[in-house]
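J.: I would like to see how this sequence folds:
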Amino acid sequence: MIEARGLTKHYGAKKAVDNVSFTIKPGQVTGFLGPNGAGKSTSMRLMVGLDKPSAGTVTVNGERYSGLRAPLAEIGVLLDAKGVHPGRSARSHLRALAATHGISDARVNEVIELTGLESVANKRVGGFSLGMGQRLGIAAALLGDPKVLILDEPVNGLDPDGVLWVRNLLRHLASEGRTVLLSSHLMSEMAQTADHVIVLGRGRVVADAPISDFVGNGTARVTVRSPQAAELASLVMTGRPDIDLQPLDRGDGQGFSAAGLTAAEIGEVAAVNGIVLHELTPVTGSLEDAYLQLTRDELEYAAG
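T.: Here you go, the predicted structure:
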């Protein structure tokens, strides 16, 4: 379990993390989301002692990272897959890490096999592809068979088979009762992997919920097509300032999408007013829809 309480980090006048509190529970994959500059990387660095909080605390299984007697056995971390001496082989890199914790060569061989590095284990890391570098970073995170995993963009550079492997691996590890924190910008992959999401915006927690609740919260829309679309849009909007209507991309003026009304409600308005419908389709919201809706006002770096 990872627990943050009032976690704050200043860099000069800038608050990178602003009084953040959350609990990352074992037995599930928790997605860590947020726009660039939201405070995700800083939060993860604070979790593993790479930065010191300006205020508040963050603990791993009840201990601060600096107090862990055998960090590799408690928490596996992938923050920067490039942070490896390029002249070392994958095997020698893992052996060097293992030696700091008395981990056997047998375990080194196990993680090499688990992460699909057998064919390149004795090659220099400097010649690795981005995907192979990611696999080595995951192998290092798994080396101590830790109870907690913190992985930042673990599928970056992996081919589709590699992405599927990471997804299945993380879900398996969570099913064993481990705590898994996953940060990624790939919403489609996060939607298939995570059970729970924590979203940061401008250094604050803006969402902390099961992924099903997060996706279902106000993101469903209804697609409507009708030769009388403008009339129908005006009718459904009457007295309902909370409804969000957007024209369809077809550009023919004969359709719109609506949020805030069900398909049944729109159909009833059309029926009462004798309006012809060509399409009335509920569209389930996606993780990306929910994320973009939530973070629209939380962007620190936005295109002009």
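J.: average model confidence for stretch 105-118?
T.: For stretch 105-118, mean pLDDT rounds to 96.
J.: Now do the buried residues in that stretch.
T.: 107-108, 111-112, 115-117 (16 or more other Cβ atoms under 10 Å). To be clear about C-beta, it is placed using only N, CA and C from the backbone, and glycine gets the same treatment.
J.: what sits up against the helix or strand bottoming out on mean pLDDT in the chain?
T.: Scoring the helices and strands of the chain by mean pLDDT, DSSP states H and E places helix 287-295 at the bottom, with a mean of 78. The set of residues that contact helix 287-295 without belonging to it, under Cβ atoms under 8 Å, 6 or more residues apart in numbering, is 33-35, 38, 187-188, 190-191, 197, 199, 201, 206-207, 211, 214-215, 217-219.
J.: Give the buried residues for stretch 60-68.
T.: When burial is assessed from 16+ other Cβ under 10 Å, stretch 60-68 yields the following buried residues: 60, 65, 68.
J.: Just put those residues in TSV and tack on secondary structure.
T.: Formatted as TSV, those follow (DSSP: H, G, I helix; E, B strand; the rest coil):
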residue	secondary structure
60	strand
65	helix
68	coil
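J.: Could you export these to a markdown table, including columns for distance to residue 123 and pLDDT?
T.: Compiled in a markdown table, the buried residues of stretch 60-68 are given as follows (distance: Cβ to Cβ, whole Å; pLDDT from 0 to 100):
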| residue | distance to residue 123 | pLDDT |
| --- | --- | --- |
| 60 | 33 | 93 |
| 65 | 32 | 91 |
| 68 | 32 | 90 |
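J.: And these, which is closest to residue 243?
T.: residue 60 (45.3 Å; Cβ to Cβ).
J.: ok, what's across the strand from that closest one?
T.: residue 2, residue 63 (DSSP bridges).
J.: so who does it touch?
T.: For residue 60, the set of contacting residues under the criterion of Cβ under 8 Å, 6+ apart consists of 1-2, 47, 68, 74-75, 148.
J.: go on, residue 84?
T.: Shown in contact with residue 84 (Cβ under 8 Å, 6+ apart): 93, 125, 133, 136-137.
J.: Recalculate using a threshold of 6 Å.
T.: Counting by Cβ atoms under 6 Å, 6 or more residues apart in numbering, residue 84 makes contact with 93, 125.
J.: Can you pull the phi/psi pair for it?
T.: Note on residue 84: its backbone torsions stand at phi -130, psi 140 [degrees, to the nearest 10].
J.: go on, residue 16?
T.: According to degrees, to the nearest 10, the main-chain angles of residue 16 amount to phi -70, psi -40.
J.: thinking it is in contact with residue 9, fair?
T.: Yes - contact between residue 16 and residue 9 holds when scored by Cβ atoms under 6 Å: they sit 4.9 Å apart.
J.: Give me the common contacts of those two.
T.: Shared contacts of residue 16 and residue 9 (Cβ under 6 Å, 6+ apart): residue 42.
J.: Including distance to residue 273, could the buried residues of stretch 60-68 go into TSV?
T.: Supplementary listing: the buried residues of stretch 60-68 in TSV, determined by distance: Cβ to Cβ, whole Å:
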residue	distance to residue 273
60	60
65	63
68	67
